[in-house]
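Asker: Can you look at this prediction? I've put the sequence above it.
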Amino acid sequence: MAELHIIGALQGGTRFPAASLFCKWQMVFGPAWRCVEGALHGQTQVDEPQDGETAKWGHPIDIHLASKGLQGWPKISVEVWHYDMFGRCELYGYGFCHVPTTPGMHELECVCWRPAGSVMDEAKAFFIGGGPQLVSSSIVHSGADRSRLRTVSAGVVKLRLGVIARNFARFGVET
């Protein structure tokens, strides 16, 4: 079996509307892949950066995957949340990025978006918080009906990933 080691970190988030951010993440992949070792999902701590700075998480990612084929190449799906002074959590954005296909260290920027509501939804979100959320977050990385969504740009999550590919040559894949 071909093996893929993904070692790195969710470094932080920038250009989101407010501070006190944390990120929930998950690794998603097709049925030809299986996890040999490592956590496939996690959550960072809340970081409160100074005005205009990047929220710094430094959350480690260390996953060992094995595969019989290339279909369903791994992706990292993220949700960025804001933790307010009343202890409420508000969704600030969804995003995903493919794990790089070439071995080595990679700096990735995962552009995030959030669903846009009606004018009334946006006014309500402005004054009392909250806002539209997806019923199922699987639409973020599957792309099934994502093109039908009305969205608003939300910010960027920065990742630093090291990719190690092993035994891919046996399956005719050059790395």
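Answerer: Received, thanks.

Asker: Please enumerate the strands of this protein.
Answerer: 2-14, 21-28, 33-37, 41-43, 55-67, 75-83, 89-98, 104-115, 151-166 (DSSP state E).

Asker: Quick one: closest of those to residue 124.
Answerer: For residue 124, the closest of the strands of the chain is strand 89-98, at 12.1 Å, according to Cβ to Cβ. From N, CA and C alone the C-beta is placed, and that goes for glycine too.

Asker: Now do that closest one: which elements does it pack against?
Answerer: With contacts defined as 3 or more Cβ pairs under 8 Å, 6 or more residues apart in numbering; DSSP states H and E, the packing partners of strand 89-98 are strand 75-83, strand 104-115, helix 138-142, strand 151-166.

Asker: List of residues touching the lengthiest helix in the chain?
Answerer: Scanning the chain for the longest helix, with DSSP state H as the assignment, gives helix 119-128. Under the criterion Cβ atoms under 8 Å, 6 or more residues apart in numbering, residues 116-117, 130-132 lie in contact with helix 119-128.

Asker: now do stretch 78-91
Answerer: 10, 13, 16-25, 46, 92-96, 110, 112, 114, 129-131, 133, 137, 140, 154-155, 157.

Asker: ditto for stretch 2-9
Answerer: Contacts of stretch 2-9 (Cβ under 8 Å, 6+ apart): 27, 36, 38, 57-68, 74, 99, 105-106, 159-168, 170-171, 173.

Asker: before we move on, back to that, export the strands of the chain to a markdown table and append columns for mean pLDDT, distance to residue 122 and mean neighbour count.
Answerer: Converted to a markdown table, those look like this (pLDDT from 0 to 100; distance: least, Cβ to Cβ, whole Å; neighbours: other Cβ atoms under 10 Å):
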| stretch | mean pLDDT | distance to residue 122 | mean neighbour count |
| --- | --- | --- | --- |
| strand 2-14 | 95 | 22 | 20 |
| strand 21-28 | 96 | 20 | 22 |
| strand 33-37 | 96 | 39 | 14 |
| strand 41-43 | 97 | 27 | 13 |
| strand 55-67 | 96 | 23 | 18 |
| strand 75-83 | 94 | 16 | 21 |
| strand 89-98 | 92 | 13 | 20 |
| strand 104-115 | 94 | 11 | 17 |
| strand 151-166 | 93 | 9 | 18 |
